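A.B. asks: Next come a sequence and a model predicted from it.
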Amino acid sequence: MRVGVRASPGPLLPGGARCGDTPAEILLAVGRYPRASPFSRVPVSKRGKIVLLHFVGQMPLAGIAWQAVHYLVGLEKLGYETWYVEDHGANPYDPRISSVVMDCGYNVDYLRAAMERHGLAGRWAYWDAINDVYHGLSRERVRALYAEADGLINLCGATQLREEHMRCPVRIMIDTDPVYEQIKYAKADPAARAYVDAHTDFYTYGANLGSPECAIPLSGVPWRATRPPVDLDLWPAPPEGSGAEAPPCFTTIATWENKGKNIDFAGDSYLWSKHTNFLEYLDLPRHRPQTCFRMAMLPPDETVRHTVEDAGWGLVDPRPVSADMTAYRDFIAGSRGEFTVAKDIYVRPNSGWFSDRAVCYLAAGRPVVTMRTGFTSYCPIGQGLFDYASRDEALAAIDTLAADYAGHSRAAREVAGDCFAGERVIAQLLAEARL
């Protein structure tokens, strides 16, 4: 375990650079991407209309919904007129049966409920590409919206931009899964380059991309660092006082194995799935038998189930947890904290990535113990938030939390406010994009 000094929440630039510092690769890219000039750091002085593109309807899971909602609520609090559009055309997924489906009824209902709950009734659209039908806003209204909007945010790069999207003058890509797209671009993949180049402004959760701490090339694309935002008003602080008891179990919410995005570059193979790193630390409960560890995860087979349970983890069915935003929040609030790993593709390049789910734990006042990715370039550790790169460091973090759980619980929420407060994170991003 490493104990850090509380850092300033200051500018969100690659490698922790200060506002006046401009990474060399961004300077080289100014001519190619004139809208992305690093010298246009004007404060937010006007408010406009913003369209958020994402995939809450296509993949109706609470963690995904919270990711979008933190942006939507942050934009609204900053005074922007915010609209949500889902017109990527991907087939809907029904988590109740763990399958892609042809009928989007459940998906549209889930999306409608999430939007209405957070003040966006009448300001959302979902395109059912199978039947070529729009739900919520009409096709004509969505097309007009792109021409009216001051900017669009392509969160997670969920949508491959088409001609109608190009009517919007500012097109912001937020890459929440760093390294993969940068490598594809560096390998001169034509489709990958066209996909990225359709945007005018480029942001990534890979805080160290473009710095000496991370060797992944930017290939002339002026990626800027950003962070997963969280709205503390949506995550009530835990109760305090003599009657407040610390929850017993560390938890996490996970998919065991993710496939399809492993990638090779410069003699290295980077793995997309978390399970390879989880296997290295799966026996942690055996070393701290007095501490409870639970995982909300659907094992793909009985072999995995026995492997996880035999290591000392309790398994929780993730479907009820992820079926509803409130259930998801309650699960996190009822946890002692999060113990988790990160994907190999984030860890080995020292990308600086941080998790949208982990910020929810922090906001709920639940400490986080997570794998080292280099995020300490902008956020301190040692109070409410810990990173590790060995079993001994992970166990030391668990022990430190046990020694003063109440203090670390308060600190976790402070870290959420200092490093990930939605209004601050989003305001800086939009100021840099001149919105």
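C.D. replies: Cool, the structure landed. Residues are numbered from 1 along each chain as shown.
A.B. asks: Next one: the closest residue in space to C214 that isn't next to it in sequence from I172, what distance?
C.D. replies: Distances taken as C-beta to C-beta, 6 or more residues apart in numbering put N208 closest to C214, at 3.9 Å, once the chain neighbours are dropped. For the C-beta atoms, the positions are set from N, CA and C on the backbone; glycine is no exception. Using C-beta to C-beta, to the nearest Å, N208 is found at 20 Å from I172.
A.B. asks: that older thread, three-state assignment of the residue nearest to C214?
C.D. replies: Classification of N208 using DSSP: H, G, I helix; E, B strand; the rest coil returns coil.
A.B. asks: ok, the residue lying closest to N258 once chain neighbours are set aside - contacts?
C.D. replies: Ranked by C-beta to C-beta, 6+ apart and with sequence neighbours excluded, the top spatial neighbour of N258 is S273, at 4.5 Å. Shown in contact with S273 (C-beta atoms under 8 Å, 6 or more residues apart in numbering): E257, N258, K259, N262, K343, D344.
A.B. asks: Tell me if I'm right that the fourth one and L271 touch.
C.D. replies: Yes: counting by C-beta atoms under 8 Å, N262 sits close enough to L271 to count as a contact (5.4 Å).
A.B. asks: Counting neighbours, go ahead and name the busier of these two.
C.D. replies: L271 (17 against 14; other C-beta atoms under 10 Å).
A.B. asks: what pLDDT, on average, does stretch 58-68 get?
C.D. replies: Averaged across stretch 58-68, the pLDDT comes to 98.
A.B. asks: Same check on stretch 301-319?
C.D. replies: 97.
A.B. asks: Can you measure across that stretch, start residue to end residue?
C.D. replies: 16 Å (C-alpha to C-alpha, to the nearest Å).
A.B. asks: Can you give me the buried ones in it?
C.D. replies: V304, T307, V308, A311, G312, W313, V316, P318 (16 or more other C-beta atoms under 10 Å).
A.B. asks: Could you single out the nearest of those residues to M295?
C.D. replies: Closest approach to M295 among these (C-beta to C-beta): W313, at 5.1 Å.
A.B. asks: Pretty sure the residue nearest to N258 sits in a strand.
C.D. replies: No: secondary structure of S273 (three-state DSSP): coil, not part of a strand.
A.B. asks: so what are the domain limits for the chain?
C.D. replies: The chain breaks down by automatic domain parsing into domains covering 14-226+422-432, 232-420.
A.B. asks: Please point out the stretch among those domains with the lowest average pLDDT.
C.D. replies: Of all the domains of the chain, domain 14-226+422-432 carries the lowest average pLDDT, namely a mean of 88.
A.B. asks: so how far is that domain from its chain's centroid?
C.D. replies: Centroid separation for domain 14-226+422-432 versus its chain: 12 Å, with C-alpha atoms, centre = their mean, to the nearest Å.
A.B. asks: List the residues that contact the residue most central in space within the chain.
C.D. replies: Centroid check for the chain by C-alpha atoms, centre = their mean gives D356 as the closest residue, at 3.5 Å. Contacts for D356 (C-beta under 8 Å, 6+ apart) come out as G63, W66, Q67, H70, T176, P228.
A.B. asks: How much space separates it from G422?
C.D. replies: 11 Å.
A.B. asks: Next: Y361.
C.D. replies: Distance, Y361 to G422, by C-beta to C-beta: 16 Å.
A.B. asks: Look at these two and report which has more neighbours.
C.D. replies: Shown here are Y361 and G422; by other C-beta under 10 Å, Y361 has more neighbours (32 against 28).
A.B. asks: Remind me which helix or strand the more buried one belongs to.
C.D. replies: Assigned by DSSP states H and E, Y361 belongs to helix 356-363.
A.B. asks: CA atoms of that helix as PDB?
C.D. replies: In PDB, the C-alpha atoms belonging to helix 356-363 read as follows (Å, rounded to 0.1, in the frame of the first residue of the first chain):
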ATOM      1  CA  ASP A 356     -17.300   4.800 -13.400                       C
ATOM      2  CA  ARG A 357     -18.500   2.300 -10.800                       C
ATOM      3  CA  ALA A 358     -15.700   3.100  -8.300                       C
ATOM      4  CA  VAL A 359     -16.700   6.700  -8.200                       C
ATOM      5  CA  CYS A 360     -20.200   5.600  -7.200                       C
ATOM      6  CA  TYR A 361     -18.700   3.700  -4.300                       C
ATOM      7  CA  LEU A 362     -16.700   6.800  -3.300                       C
ATOM      8  CA  ALA A 363     -19.700   9.000  -3.500                       C
END
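A.B. asks: how far out from the middle of the chain is that helix?
C.D. replies: 9 Å.
A.B. asks: next structured bit after it?
C.D. replies: strand 368-371.
A.B. asks: which residues touch the very next helix or strand once past that following strand?
C.D. replies: Using DSSP H and E, the helix or strand that follows strand 368-371 towards the C-terminus is strand 385-388. Identification of contacts with strand 385-388 by C-beta under 8 Å, 6+ apart yields 1-2, 362, 367-373, 375-376, 379, 381, 393-394, 396-397, 400-401, 411-412, 415.
A.B. asks: CA atoms only for strand 385-388, dumped as CSV, please.
C.D. replies: Output of strand 385-388 as CSV, limited to C-alpha atoms (Å, rounded to 0.1, in the frame of the first residue of the first chain):
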residue,chain,number,x,y,z
LEU,A,385,-9.0,5.3,-1.8
PHE,A,386,-6.2,2.8,-2.2
ASP,A,387,-4.3,1.2,-5.1
TYR,A,388,-2.2,-1.9,-5.2
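A.B. asks: quick one: contacts for the spatially closest residue to E148 that is not a sequence neighbour?
C.D. replies: Excluding the flanking residues, the one nearest E148 by C-beta to C-beta, 6+ apart is K49, at 5.9 Å. With contact taken as C-beta under 8 Å, 6+ apart, K49 is in contact with Y80, E81, T82, W83, L145, E148, A149, D150.
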